[in-house]
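A.B. asks: I need the structure of the sequence given here:
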Amino acid sequence: ADFYATGVERYEEGNYFSAIDHFGYAVDLAPDYEQAYFYRALAYEQVEDFDRALSSYGDAIAANPEYARAYLGRGALYYELGEYFQALDDFDAAIAANPEYAQAYVYRGLTEADLGNYEIAIADYGIAIRFAPDFAQAYLHRGLAYKALDSYQEAITDFTSAIEREEDFEEAYLNRGVTYYSLGNNRAALDDLNTAVRLGPENTEALYNRSFVLAALVRSNAAVAELNAIFLLRPSHIDAFLSRGTIYANAGEYELAISDYNKVIDLEPDSAEAYYLRGKAKVMAEDELGAIADYNDAIAINPNYAQAYKGRGDAAALMGDLQSAVFDYATAIEISPEYQAAYAARGRAYYELGNPSAAYADFSRVIATDGLNADVYYYRGIARASLGDMVGARADLTRAGELYLDEGEADGYRFVVAALSRM
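C.D. replies: Numbering: from 1, shown residues only. Next comes the predicted model:
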């Protein structure tokens, strides 16, 4: 018992190798000392000797086959090692030994969630909450499962329950903020992410997500400052470079955007997204040939990158190569059959090529999905006029004009008026 007590003291002091020695002395004297095996396993985990940790958990279980805590410990280690099915077996055994073991239900839920079985995970978290109504982690993880299923209101309810039980629960504030952002409630999102950053000033995930909220609130300079703060903590944060590049591109700062995408490509040469975004920035900077080269690289890395085919088609169309544009739009649609922007772009290319029937079909496809797209109504209207359907053309152009007025798009409305005057 003295060796065991000394081992626990050493463990709590962080002197793990000494703790391992003392737990070993304890089990040498008492081979069925289950707690000594268990703590020795914990100490082995701390020094990252995972094989011996698993073995020591096994010794604890052999000493007491009903030792729920040892099953949970070994299962948690299997989970961290990505051995999900062994983990599930151990969590099942822990629950069989102690049917009200809330932590075991939470870990089993975590494992099912990582396997994509969110509904099963939600059920396990619910059982944990029934046995431990104040278990904040159970609410957090159930909220994350709901969030993964896009059940945002249920997620917010659970994140709120977690915060009510643990006042300074940084992760719950972070995820509730992200969920509010997904719902378009940017003010509530900003409040929660502000709290998450206050609780964890070096939490780059909170800073990163707050940059999106600030950008959505049209506070681009603040969003860039947020991303700059991330670089002080993690100078090679690829997603932050991509986000800052996108903010720069949207602000018309194309060279700055391209510089950020260059940094990503230096850090991660196989980033198809970086090549794609750099291609978009080059199109906006009127460097269509450079854009096509970037889209080619994105497609070489990811041959199923529908947006890259569409981008390359846009660049080709701007250069007057409408046949190549149609080919790329068709490929994008083949990869992603619901890609409405590709149908709209192909419709315009068909119209410019003198094929109003094909243009009409593509525009109609888009309108069936999105009845509020003024540009598509305008182009379908002029396609109908080319086909001799003046009644349909007037109806589409009138609808386009209404939508342009609703959007405050004066130039678009003037195009409609001019088209109607020619009929």
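A.B. asks: Can you give the distance of stretch 183-190 from its chain's centre?
C.D. replies: In terms of CA atoms, centre = their mean, to the nearest Å, the centre of stretch 183-190 is found 17 Å from the chain centre.
A.B. asks: CA atoms only for that stretch - export them in CSV, please.
C.D. replies: Extracted C-alpha coordinates of stretch 183-190, given in CSV (Å, rounded to 0.1, in the frame of the first residue of the first chain):
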residue,chain,number,x,y,z
LEU,A,183,-27.8,30.6,-38.8
GLY,A,184,-26.9,34.2,-40.0
ASN,A,185,-27.2,35.6,-36.5
ASN,A,186,-23.9,37.5,-36.7
ARG,A,187,-24.4,39.7,-33.6
ALA,A,188,-25.0,36.7,-31.3
ALA,A,189,-22.1,34.9,-33.0
LEU,A,190,-19.8,37.8,-32.3
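A.B. asks: Quick check: buried residues in that stretch?
C.D. replies: Within stretch 183-190, the residues that count as buried by 16 or more other CB atoms under 10 Å are N185, N186, A188, A189, L190. Where C-beta positions appear, they are placed from N, C-alpha and C, glycine not excepted.
A.B. asks: any idea of the mean pLDDT for that stretch?
C.D. replies: Averaged over stretch 183-190, pLDDT sits at 97.
A.B. asks: Need the residues that contact that stretch.
C.D. replies: Contacts of stretch 183-190 with the rest of the structure, by CB atoms under 8 Å, 6 or more residues apart in numbering, involve Y152, I156, G177, V178, Y180, Y181, R210, V213, L214, A216, L217.
A.B. asks: Which helix or strand contains the fifth one?
C.D. replies: Just to be clear, that refers to Y180. helix 170-182 (DSSP states H and E).
A.B. asks: follow-up on the earlier one: tell me which of the buried residues of stretch 183-190 fall in helices.
C.D. replies: N186, A188, A189, L190 (DSSP state H).
A.B. asks: Let me have those in JSON lines, adding distance to A316 as columns.
C.D. replies: Formatted as JSON lines, these follow (distance: CB to CB, whole Å):
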{"residue": "N186", "distance to A316": "37"}
{"residue": "A188", "distance to A316": "43"}
{"residue": "A189", "distance to A316": "39"}
{"residue": "L190", "distance to A316": "41"}
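A.B. asks: now, which of these sits nearest E202?
C.D. replies: Among those, L190 lies closest to E202 (CB to CB), at 19.1 Å.
A.B. asks: quick one: that closest one from L183, how far?
C.D. replies: According to CB to CB, to the nearest Å, L190 stands 13 Å off from L183.
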